[in-house]
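S.K.: only the shape, not the letters, is given here:
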Ligand code: GCB
């Protein structure tokens, strides 16, 4: 294929080379309900090039315009098929020592065969890629997604051939307008770190499927379900739940159907994490999910699960492992959940961004309640409308992804954001969006304490169902006695969860309770914290910071050595610090 004359100069001089890739934005609107569907995996070995200057996008390598009219090759700056390979999904930082601190574009490519069946629609799903991802199939730009932790889907029905070349560029450069912004207290892993899959569907398919107890009624025997189709057509869908003897028809009009019916599910709780196989079908399409039924609510200062008051015995957790970065294996996820169980938890905070959806699926089975969060972290560009759209999109993608998970009880719209007017408007709107899309859960955020007035006084609290509070009394706030004062000065009219407290301790480093960085000092702070918090009637849960140590570019002391050491366990999770047992004891003896 021939390149236009002068293409070379255009490639290097064009300043806004990215604008053409802003079209075809993939958003929460493009999501497809994919539980129980047959998928073909594109995981495995991809060729890749580290493209620090974004030359693939500037020079449109994906067009593969190799030859002039006489068949002579143009000079080329890439060699897709000769490039080295990397196994996906993965964080590239963990794959090559010299990429450990790289932040920027990586071009991934591979070929694959596909035999398209008549009348099917085909989509590519990427579980997550950090942060901006652009997909090209057979020379054509098919879509762009922003946001580093949620899944996205793009239709490729008309682009597929028997033999295909796919190219995905993925750029994890930090940026003050993104969610999160450039400064975070965790490591900015890059790459396509969750699975890449092909999903083949009939012409008309079930695009969204939600099922839960009816949140508008105080009943435990009424189930509601919403079905949205890919197309605006009329018809009848079916829902079956064999173990509940449910088989109902759903009348669908203009692509949407709602049904409400009686059933007697055993309620989902951490002690009885019962999930039912639920099937839905419309025309040739079938989906299948495993769903638990429970009700979460707030009454005054109390959090109730199925009408019974519950105290959230929790722990915070990042999505990270020493060997795999964010690309955890299911075994590693299970290890984290079991470690929380061993600690005596009935609840976890999945900080500070959406973790893999298998985490919630496993929590459904193990009986662990979850707080899920979007990375509206610290000083977001609250004045910027595009930044808001990005945050909202990440929130909607998360909610749509995990709507049917009984374990997820709280959506968090952010963490530690200063109480300014623009932040209030931004985050209030996120709260309202979450509530509009999902009436079956509570909405919260991890707020800052007003240390000057020593009071819980974040204006966002008015809009939340539960107020989350991060407080570091005894650590960043050296005078521990500030905590009882804050708690005494405050009289919230809703439950409070202490979303963070903690202290750094290097595993195996001992000292007196005054020696910062020693296990003894950390354990003492935990002792004082739980002793104080236990007495406060409106504190209805806690997720101390954090289950295990994690990589952190901001932590430069010799003790820390680029790790945040507030873990109750060492980073490899093999060693439990003294504070682990303090919290375990507290949870064990809590009534
Ligand atoms: C916080 C942040 C968390 C940090 C932690 C710390 O308040 O929410 O992301 O890692 O403090 O260790 O300072």
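M.R.: Structure's in. What do you need? All of these numbers come straight from a predicted model, not from anything done at the bench.

S.K.: just the closest residue of the chain to the ligand, please.
M.R.: residue 185 (3.6 Å; CB to the nearest ligand atom). For the C-beta atoms, the positions are set from N, CA and C on the backbone; glycine is no exception.

S.K.: for that residue, which three-state class applies?
M.R.: coil (DSSP: H, G, I helix; E, B strand; the rest coil).

S.K.: OK, contacts around it?
M.R.: 552, 554, 564 (CB atoms under 8 Å, 6 or more residues apart in numbering).

S.K.: gap between the two ends of stretch 99-114?
M.R.: 33 Å (CA to CA, to the nearest Å).

S.K.: list the buried ones in that stretch?
M.R.: Buried positions in stretch 99-114, judged by neighbour count with 16 or more other CB atoms under 10 Å: 99, 102-103, 105-110.

S.K.: just these now: which is nearest residue 78?
M.R.: Using CB to CB, residue 107 is the member of the buried residues of stretch 99-114 that lies nearest residue 78, at 7.5 Å.

S.K.: my guess is that closest one contacts residue 51, does it?
M.R.: Yes - using CB atoms under 8 Å, residue 107 makes contact with residue 51 at a distance of 4.9 Å.

S.K.: give me the contacts around stretch 229-249.
M.R.: Residues external to stretch 229-249 that are found in contact with it (CB under 8 Å, 6+ apart): 121, 201, 203-207, 211, 223, 225, 227, 250-257, 259, 261, 263-265, 276-283.

S.K.: which ChimeraX command selects the buried ones in those residues?
M.R.: Buried residues within the contacts of stretch 229-249, by 16+ other CB under 10 Å, are selected in ChimeraX with:
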select :121,201,204,205,206,207,211,223,225,227,250,252,255,257,259,261,263,265,276,278,279,280,281,282
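
S.K.: contact residues of this protein facing the ligand?
M.R.: With CB under 6 Å from any ligand atom as the criterion, the chain meets the ligand at residues 185, 352, 415-416, 470, 500, 545, 564, 566.

S.K.: dump these to JSON lines, plus pLDDT and distance to residue 401.
M.R.: Converted to JSON lines, the residues of the chain next to the ligand look like this (pLDDT from 0 to 100; distance: CB to CB, whole Å):
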{"residue": "185", "pLDDT": "98", "distance to residue 401": "25"}
{"residue": "352", "pLDDT": "97", "distance to residue 401": "17"}
{"residue": "415", "pLDDT": "98", "distance to residue 401": "20"}
{"residue": "416", "pLDDT": "97", "distance to residue 401": "24"}
{"residue": "470", "pLDDT": "98", "distance to residue 401": "26"}
{"residue": "500", "pLDDT": "98", "distance to residue 401": "25"}
{"residue": "545", "pLDDT": "98", "distance to residue 401": "25"}
{"residue": "564", "pLDDT": "98", "distance to residue 401": "27"}
{"residue": "566", "pLDDT": "98", "distance to residue 401": "28"}
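
S.K.: and of these, the nearest to residue 579?
M.R.: Closest approach to residue 579 among the residues of the chain next to the ligand (CB to CB): residue 566, at 9.2 Å.

S.K.: which residues touch the closest one?
M.R.: Contacts of residue 566 (CB under 8 Å, 6+ apart): 502-505, 522, 545-546, 549.

S.K.: so of the residues you listed, which ones are in helices?
M.R.: If you go by DSSP state H, the contacts of residue 566 have residue 522 in helices.

S.K.: tell me where the stretch 51-200 of the chain has strands.
M.R.: Taking DSSP state E, counting those that start in this stretch as the test, the strands found in the stretch 51-200 of the chain are 85-88, 105-113, 120-126, 129-130, 132-137, 140-146, 152-155, 163-171, 191-192, 196-202.

S.K.: quick check: mean pLDDT across the last one?
M.R.: Across strand 196-202, pLDDT averages out at 98.

S.K.: tilt between that strand and strand 105-113?
M.R.: Orientation note: strand 196-202 sits at an angle of 50 degrees relative to strand 105-113 (axes from the mean of the first three to the mean of the last three CA atoms, to 10 degrees).

S.K.: which helices and strands does the following helix or strand past strand 196-202 pack with?
M.R.: Remark: after strand 196-202, the chain's next helix or strand is strand 206-213, criterion DSSP states H and E. Counting contacts by 3 or more CB pairs under 8 Å, 6 or more residues apart in numbering; DSSP states H and E, strand 206-213 is packed against strand 222-229, strand 276-282, strand 285-291.

S.K.: in the chain, which residue is closest to the centre?
M.R.: For the chain, the residue sitting closest to the mean C-alpha position, by CA atoms, centre = their mean, is residue 354 at 0.9 Å.

S.K.: nearest residue to that one other than its sequence neighbours?
M.R.: Setting aside the residues directly before and after it, residue 354 is nearest to residue 149 in space (CB to CB, 6 or more residues apart in numbering), at 4.2 Å.

S.K.: one more: residue 335?
M.R.: residue 573 (6.3 Å).

S.K.: what's the burial count for that neighbour?
M.R.: Here the number of neighbours of residue 573 (other CB atoms under 10 Å) works out to 18.

S.K.: show me what contacts the spatially closest residue to residue 20 that is not a sequence neighbour?
M.R.: Spatially, and ignoring its direct neighbours in sequence, residue 20 is nearest to residue 141 (7.4 Å; CB to CB, 6+ apart). By CB under 8 Å, 6+ apart, residue 141 lies in contact with 20-21, 24, 62, 134-135.

S.K.: got the residue ranges for the strands in the stretch 401-550 of the chain?
M.R.: All strands of the stretch 401-550 of the chain, identified by DSSP E, counting those that start in this stretch, fall at 408-415, 442-447, 467-470, 496-500, 539-542, 550-551.

S.K.: quick one: closest of those to residue 582.
M.R.: The closest of those to residue 582 is strand 539-542. By CB to CB, the value is 12.7 Å.

S.K.: in the sheet, which strands lie alongside that closest one, parallel or antiparallel?
M.R.: The strands beside strand 539-542 in its sheet (DSSP bridges) come out as strand 312-317 (parallel), strand 496-500 (parallel).

S.K.: pLDDT score for the residue nearest to residue 335?
M.R.: We have a pLDDT of 98 for residue 573.

S.K.: was I right to think residue 464 contacts residue 446?
M.R.: No - using CB under 8 Å, residue 464 is not in contact with residue 446, being 10.4 Å away.

S.K.: now do residue 13, the pLDDT please.
M.R.: Reading off the confidence values, residue 13 has pLDDT 84.

S.K.: how much space separates it from residue 59?
M.R.: Here residue 13 is placed at a distance of 12 Å from residue 59 (CB to CB, to the nearest Å).

S.K.: check residue 159 too.
M.R.: Per CB to CB, residue 159 is found 21 Å from residue 59.

S.K.: who has more neighbours out of these two?
M.R.: For residue 159 versus residue 59, neighbours defined as other CB under 10 Å are more numerous around residue 59 (21 against 18).

S.K.: the nearest residue to that one once chain neighbours are set aside in helix, strand or coil?
M.R.: The shortest distance from residue 59 to any non-neighbouring residue, by CB to CB, 6+ apart, is to residue 11 (4.2 Å). Recorded secondary structure, residue 11: helix (three-state DSSP).

S.K.: contacts only, for residue 11.
M.R.: So residue 11 contacts 17, 55, 58-60 (CB under 8 Å, 6+ apart).

S.K.: which of those ranks first by neighbour count?
M.R.: For the contacts of residue 11, neighbours tallied by other CB under 10 Å; top is residue 59, 21 neighbours.
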